[in-house]
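Chemist: Just a sequence and a predicted model for now, questions to come.
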Amino acid sequence: MTYVVTENCIRCKYTDCVDVCPVDCFHEGERFLVIDPDVCIDCGVCVPECPVEAIVENMRNRGRSSAPRRTRLPMRTFGPITPTS
Ligand code: SF4
Ligand code: SF4
């Protein structure tokens, strides 16, 4: 899940949301700001800053983890097992 900006944002004079975003993921869209979903870390800090409640959860991605995908690590290999006496 990431956050998205809705049309309530059109002609906003404030950009408090941009100021508080720790990862600078707001960009100027055609008519209003957009949040880059690849950069947003879902912290939610921007939501209460918006005076017109234009920032909402993206319901389309609900349930999808924003945690980085696990990468497969190489298997650790061991030498031959030797019996101990
Ligand atoms: S504060 Fe809200 S309305 Fe203003 S630019 Fe940010 S998202 Fe848009
Ligand atoms: S949820 Fe956090 S990272 Fe995403 S746009 Fe808002 S402040 Fe930036």
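Modeler: Everything's here; your move. Numbering: from 1, shown residues only. Ligands and ions are numbered 1, 2, ... in the order given.
Chemist: close enough to count as contact, Asp36 and Cys25?
Modeler: Yes - Asp36 is within contact range of Cys25, at 4.4 Å (criterion: Cβ atoms under 8 Å). For the C-beta atoms, the positions are set from N, CA and C on the backbone; glycine is no exception.
Chemist: Between the two, point out the one with more neighbours.
Modeler: The neighbour comparison of Asp36 against Cys25 (other Cβ atoms under 10 Å) goes to Cys25, with 18 against 12.
Chemist: what about the nearest residue to the more buried one once chain neighbours are set aside, neighbour count?
Modeler: Among residues not flanking Cys25 along the chain, Val39 sits closest, at 3.7 Å (Cβ to Cβ, 6 or more residues apart in numbering). Val39: 13 surrounding residues under other Cβ under 10 Å.
Chemist: Also Val52?
Modeler: 12.
Chemist: Quick one: classify it as helix, strand or coil.
Modeler: At Val52 the chain is in coil, as set by DSSP: H, G, I helix; E, B strand; the rest coil.
Chemist: you'd agree it is up against Glu7?
Modeler: No - if you go by Cβ under 8 Å, Val52 and Glu7 don't touch, sitting 9.9 Å apart.
Chemist: Show me the strands in the chain, by range?
Modeler: Along the chain, the stretches classed as strands by DSSP state E are 3-5, 26-28, 33-35, 55-57.
Chemist: list the helices and strands the third one packs on?
Modeler: Contacts defined by 3 or more Cβ pairs under 8 Å, 6 or more residues apart in numbering; DSSP states H and E place strand 33-35 against strand 3-5, strand 26-28.
Chemist: of all these, which lies closest to ligand 2?
Modeler: strand 3-5 (4.5 Å; Cβ to the nearest ligand atom).
Chemist: partners of the closest one in the sheet?
Modeler: Next to strand 3-5 in the sheet, as set by DSSP bridges, lie strand 55-57 (antiparallel).
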